[in-house]
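[1] Predicted coordinates and the sequence they were generated for:
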Amino acid sequence: MRIQCVLAGLLAVMLPCFAPAQQDTLKEIERYRLLLQESNPAELYEARGEELWKTRRGPKNASLERCDLGLWPGVVKGAYVRLPRYFADTDRVQDLESRLVTCIVTLQGFTPEEARRKAFSGTGAPMITTDPFSGVGQPSVMTDLVAWIASESRGMTIAPSASHPKEHLAYQAGEKLFYYRAGPYDFGCVSCHGEEGKRIRLQNLPKMTNAKDAQRAFGTWPAYRVSEGELRSMQWRMWECIRQMRFPELEFASDASIALITYLAKKAEGGTFEAPAIKR
Amino acid sequence: MKAKTILALALCSIGVAGCATRPSDSEAERAVAEMIKTSFKTRGQATVDRLSQDDAQALCSLYRDQPPTGFAGKIEQSQTATIRYPSSGKLMGDWREGERIAQSGVGKQFTDAPTRPAGGGCYNCHQLSKQELSFGTIGPSLYQFGKLRGSSEAIQKYAYGKIYNAEAFSACSNMPRFGRNGVLTEEQITHLVALLLDPESPVNK
């Protein structure tokens, strides 16, 4: 790239060679992303997740086949695109991952602590053993389940529930959190996701208040991330953004994480769900 | 908390939004306050007290980064007062050091070693030198910053102040207040000033 740049510069006598060089780089990245779509290791996670859903585990030696993800106990098809939603039994708005914690506790008899930690094991991103995410060579029950359940909504329209007052409240709280600036860098979600067509380095940033951007963002998580060699969920996406914002750690399946996901899901309403996707 | 009280008083006194907020809105505010308390935990250097906002952060959050003129002026005034210039009086450091600081995006995350100095992460958001193609666009291009403006003392002071506390010049700017928040040292900032203004810096080539 640089050699081409220098040559072009010599030939054209000081012609600014910067812009074309960068366009080439961006085009290459886009081509790489398209190539990636051809084979997605997320399929392995999906297969394991389906198996886990049906496997008897825990002190109660039960499967998750009676888990209510919002449509009806045991119904997985189309469940993801209707989440987050209010659940009467917990009196909470829940996203998929917090709902799975509930099912793992009530149906299989694990403690909430185990459901959040040991049951998911793994080294997680980026280094701590108690993180609820999978790490290299250490699959996570949660991540596998999420991959399969999400895949059962592929091609469907994103349509989160929004009829219960608590769903409305979660949305409003999520919106306020989106604009909440704090910490040593003064960052909020809005710092990177408030304007259209911006980048960090060469990474394009979705503007989350823009329907098209939000639909693409929400509709492509969970995703297999090539750079990490792992499948990552929406809870992980929130956790990782919050880490980079220099905030303290966002608790897995916490109310703040669910409020943010509720806000994003609503912004993405009407989009097509295409996850588990594959990303750089 | 203090910031909230000031906010409420300020809102009432100038009647921006009236004193009565919709019940649903205050309910959401209470929910957020609760989430800030219960959904985060201290990890490494990222302690939970990072979530308590100073007045500027609280105002910018409330107005979604678009404060009314009166508030913008007040923020800029209070932030200008925070700027500390080096006691040596020397504002231009070494542009080579500045380039390293501009390239580095580490610092202050709970995964960063607290003893390691933070970088400025400048390329994350700005174009600087012509050679570096991997730059972000959240901030304006700074390529040829010094070539276009010269390196007079006034310009040096401006560049130093802008990096020290961007909100002194532009309320609710997206740019971190690197000096005011103790992310970069005074010396590191002088190196960045040199990166921007030194005629030998790749920024001005």
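    Received it, and whenever you're ready, just let me know what you need. Residues are numbered from 1 along each chain as shown, chains lettered A, B, ... in the order given.

[2] residues from the stretch 51-200 of chain A in reach of chain B?
    Contact residues, the stretch 51-200 of chain A versus chain B (Cβ under 8 Å from any Cβ of the partner chain): A:126-127, A:168-170, A:172-173, A:175-177, A:179-188, A:190-192, A:194-195, A:197-200. C-betas here are computed from N, CA, C, even on glycine.

[3] where does residue A:26 land on pLDDT?
    Note for residue A:26: predicted pLDDT of 73.

[4] cool, residue A:121 as well?
    pLDDT recorded at residue A:121 is 36.

[5] on that earlier part again, just the buried ones from the residues of the stretch 51-200 of chain A next to chain B?
    A:168-170, A:172-173, A:175-177, A:179-188, A:190-192, A:194, A:198-200 (16 or more other Cβ atoms under 10 Å in any protein chain shown).

[6] Now, these that are in strands?
    In strands, judged by DSSP state E, the following of those are found: A:198, A:199, A:200.

[7] Would you format these as CSV with pLDDT included?
    Formatted as CSV, these follow (pLDDT from 0 to 100):
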residue, pLDDT
A:198, 97
A:199, 96
A:200, 96
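
[8] Which of the residues you listed sits closest to residue A:29?
    Using Cβ to Cβ, residue A:199 is the member of those that lies nearest residue A:29, at 10.7 Å.

[9] Is the closest one bridged to anything, and to what?
    residue A:204 (DSSP bridges).

[10] which residues touch it?
    Residues in contact with residue A:199 (Cβ atoms under 8 Å, 6 or more residues apart in numbering or on different chains) are A:205, B:136, B:137, B:138.

[11] Which ones among the residues you listed map onto strands?
    Judged by DSSP E, the subset of the contacts of residue A:199 located in strands is residue A:205.

[12] Derive a ChimeraX selection command for the buried subset of the contacts of residue A:199.
    Selection of buried members from the contacts of residue A:199 for ChimeraX, criterion 16+ other Cβ under 10 Å:
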select /A:205 /B:136,137,138
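
[13] Kindly report the domain assignment for chain B.
    Here the domain assignment for chain B is B:2-80, B:95-204, based on automatic domain parsing.

[14] mind putting those domains in TSV, distance to chain A and mean pLDDT included?
    Formatted as TSV, the domains of chain B follow (distance: least, Cβ to the nearest Cβ, whole Å; pLDDT from 0 to 100):
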stretch	distance to chain A	mean pLDDT
domain B:2-80	3	81
domain B:95-204	4	97
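
[15] quick one, which of those domains is packed in tightest?
    Compared across the domains of chain B, domain B:95-204 shows the largest average neighbour count, a mean of 19 (mean count of other Cβ atoms under 10 Å in any protein chain shown).

[16] So which residue is dead centre in chain A?
    Computing the C-alpha centroid of chain A and ranking residues by Cα atoms, centre = their mean puts residue A:234 first, at 2.1 Å.

[17] Tell me who's in contact with that one.
    Under the criterion of Cβ under 8 Å, 6+ apart, the neighbours of residue A:234 are A:95, A:96, A:97, A:218, A:221, A:222, A:261.

[18] Same question for residue B:146.
    B:155, B:196, B:197, B:198, B:199, B:201, B:203, B:204.

[19] For residue B:123, identify the helix or strand it belongs to.
    Following DSSP states H and E, one finds residue B:123 within helix B:122-125.

[20] What of residue B:156?
    Per DSSP H and E: helix B:153-164 holds residue B:156.

[21] quick one: residue A:80 and residue A:148 touch, right?
    No. Residue A:80 is beyond contact range of residue A:148, at 10.1 Å (criterion: Cβ atoms under 8 Å).

[22] who has more neighbours, the two?
    Per other Cβ atoms under 10 Å in any protein chain shown, whichever of residue A:80 and residue A:148 has more neighbours is residue A:80, with 26 against 20.

[23] What pLDDT is listed against that one?
    Residue A:80 is given a pLDDT of 98.

[24] Which residue, neighbours along the chain excluded, lies closest to it?
    residue A:153 (3.9 Å; Cβ to Cβ, 6 or more residues apart in numbering or on different chains).

[25] and that neighbour, what pLDDT?
    pLDDT for residue A:153: 98.

[26] and it, which of the three is it?
    coil (DSSP: H, G, I helix; E, B strand; the rest coil).
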